[in-house]
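J.: Return a 3D structure for these sequence lines:
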Amino acid sequence: MSEFETMQEKLESLVPKEMAGAVNMLAHPVAGAAAMSALGFGVASHMLGVWMGTLTGLAEASQRLADAQAGGPAGSSAAALAKARARAKALMEQAQAEARTARQTVQPLSGGTKR
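T.: Sure, this is the predicted structure:
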């Protein structure tokens, strides 16, 4: 057995089987570049989709907001806006009540000091 084959066997015993693909990419640099290009195109197209979806969502939300503020093409938008405002007000009142309860609970523990 030649010295090169002995060295290759020693390296194969040290390197895990999962590294065979990575070593193959190092042996064929054009294939590695093609794989990285494909991965780059995939990531870029995904990000374009995310950006376009965000843009579409923002346009739809601004259209709904403009319709609600201007009276809108349908009366149901005004009713939905009033319902959302009432729900937001109820949530704020509930949050304030919870904050007051938490403050009353914590104040005796901190020695009653106010900040």
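J.: Now do Ala79 against Glu9, distance only.
T.: Separation of Ala79 from Glu9 (C-beta to C-beta, to the nearest Å): 79 Å. All C-beta atoms are positioned from the backbone trio N, CA, C, and that covers glycine.
J.: Next, count neighbours for Leu58.
T.: 10 (other C-beta atoms under 10 Å).
J.: Next, count neighbours for Gln96.
T.: By other C-beta under 10 Å, neighbour count at Gln96 equals 10.
J.: what helix or strand does it sit in?
T.: helix 75-109 (DSSP states H and E).
J.: Mind giving me the packing neighbours of that helix?
T.: helix 29-69 (3 or more C-beta pairs under 8 Å, 6 or more residues apart in numbering; DSSP states H and E).
J.: got the angle for the helix it packs on vs helix 75-109?
T.: Angle, helix 29-69 to helix 75-109, by axes from the mean of the first three to the mean of the last three C-alpha atoms, to 10 degrees: 100 degrees.
J.: for helix 29-69, packing partners?
T.: For helix 29-69, the packing partners by 3+ C-beta pairs under 8 Å, 6+ apart come out as helix 20-27, helix 75-109.
J.: Check the ones you listed for me: which has the lowest mean pLDDT.
T.: Of all those, the minimum mean pLDDT falls on helix 20-27 (a mean of 70).
J.: which residues sit in contact with Leu81?
T.: Shown in contact with Leu81 (C-beta atoms under 8 Å, 6 or more residues apart in numbering): Ala68.
J.: And it, how far from Leu91?
T.: Distance from Leu81 to Leu91, by C-beta to C-beta: 16 Å.
J.: same question, Ala82
T.: 15 Å.
J.: Same check on Ser62?
T.: 23 Å.
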